[in-house]
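1. Quick check, what structure comes out for this input:
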Amino acid sequence: MEAAPGPHFVRPPTPTLANLVRSSLPEVPCGTACVIILAVFTYWLTCSLGLLGTAAFTLAPATMSRYQVYRIYSYVFIHKTMSALVCNILLFWHFSRGLEKSVGTVKYWYLIFVFTLLTAILYISLGTLMVGMKNIREIQGFTILVSSIVGMIVPLSPMKTIVFITNVKTVHLPLVLLFVALFIPESYILGNICGLGVGFFYALGRRYFRFLDMSESTAASLEGHYPFTQLKEISGTTYYPALWEERNLELTDRWFRMWE
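-> Next comes the predicted model:
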């Protein structure tokens, strides 16, 4: 009587050089990439070509008219020098891609919209009380958005350690960010403090004021509409679904596909 054949050991395929290189490269979130591209395009129009003046897009209450309400959103995309643009993009890239990966692309855009608006309102209100409407300094740049993101991280994960220049606990991250922002061109400390405050109180207030937060079901329903349907088609970037289960499954599948 012949013995039953034993199980065959199948050696996993050896990963190719292309897969190894691709796995070592960081993912490019489509929302973060679009925000950065918009800032670069705005810099090209305003500074390189000189077609538009930067003063028409920064947040400067003393020079705003009733027809320039758009400036409460446009100011974060304005950078007057190449050094300011590069520094702000590097800082924004470090924190923004983690936010988009954790909340999904749709909610990421919602948070960018809310943080930009609330920071502008808080900055104008505080500036008016402190120095008067006519003396408020203009602000612009991604550093304000980064401050809001950091402010939101602190109450949500106070004991987590984040790699930012070195290992830093999130409770100390606002102080480190304010110190680093001192060396970033065109950065203003009051605007950064307002950004930190908006992010911090948003993270706490969404528990009591539900209208401030966007639920996963709402974000998932928006995914089937423009422009999010087009964001999914951008090659070379990663679109993160609104539902946590889909994000987790997609990240797992993407990791396994690298080694096929």
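
2. Go through the lengthiest helix in the chain and flag the buried ones.
-> In the chain, with assignment by DSSP state H, the single longest helix is helix 105-131. By 16 or more other CB atoms under 10 Å, the buried positions in helix 105-131 come out as 105-112, 114-116, 118-120, 122-124, 126-127. No exception for glycine: its C-beta is placed from N, CA and C like everyone else's.

3. Assign the residue positioned nearest the centre of the chain to helix, strand or coil.
-> In the chain, the centroid-proximal residue (CA atoms, centre = their mean) is Ser96; its distance is 2.9 Å. The local conformation at Ser96, judged by DSSP: H, G, I helix; E, B strand; the rest coil, is helix.

4. what about the nearest residue to it once chain neighbours are set aside, helix or strand, and which?
-> When the adjacent residues along the chain are set aside, Ser96 lies closest to Thr32, with 4.5 Å between them (CB to CB, 6 or more residues apart in numbering). Assigned by DSSP states H and E, Thr32 belongs to helix 30-43.

5. With Asn167 instead?
-> When secondary structure is defined by DSSP H and E, Asn167 falls within strand 166-169.

6. go on, Phe179?
-> Using DSSP H and E, the element containing Phe179 is helix 173-181.

7. What is that helix packed up against?
-> Applying 3 or more CB pairs under 8 Å, 6 or more residues apart in numbering; DSSP states H and E, one finds that helix 173-181 makes contact with helix 143-156, strand 161-164, helix 189-205.

8. Go again with 10 Å.
-> When contacts are defined as 3 or more CB pairs under 10 Å, 6 or more residues apart in numbering; DSSP states H and E, helix 173-181 packs onto helix 82-103, helix 143-156, strand 161-164, strand 166-169, helix 189-205.

9. Those: lowest mean pLDDT?
-> The minimum mean pLDDT among the helices and strands packed on helix 173-181 belongs to strand 161-164 (a mean of 69).

10. leaving aside the residues next to it on the chain, what's closest to Leu177?
-> Excluding its sequence neighbours, the residue lying closest to Leu177 (CB to CB, 6+ apart) is Val150, at 5.3 Å.

11. ok, the one you found to Arg206 distance?
-> Separation of Val150 from Arg206 (CB to CB, to the nearest Å): 17 Å.
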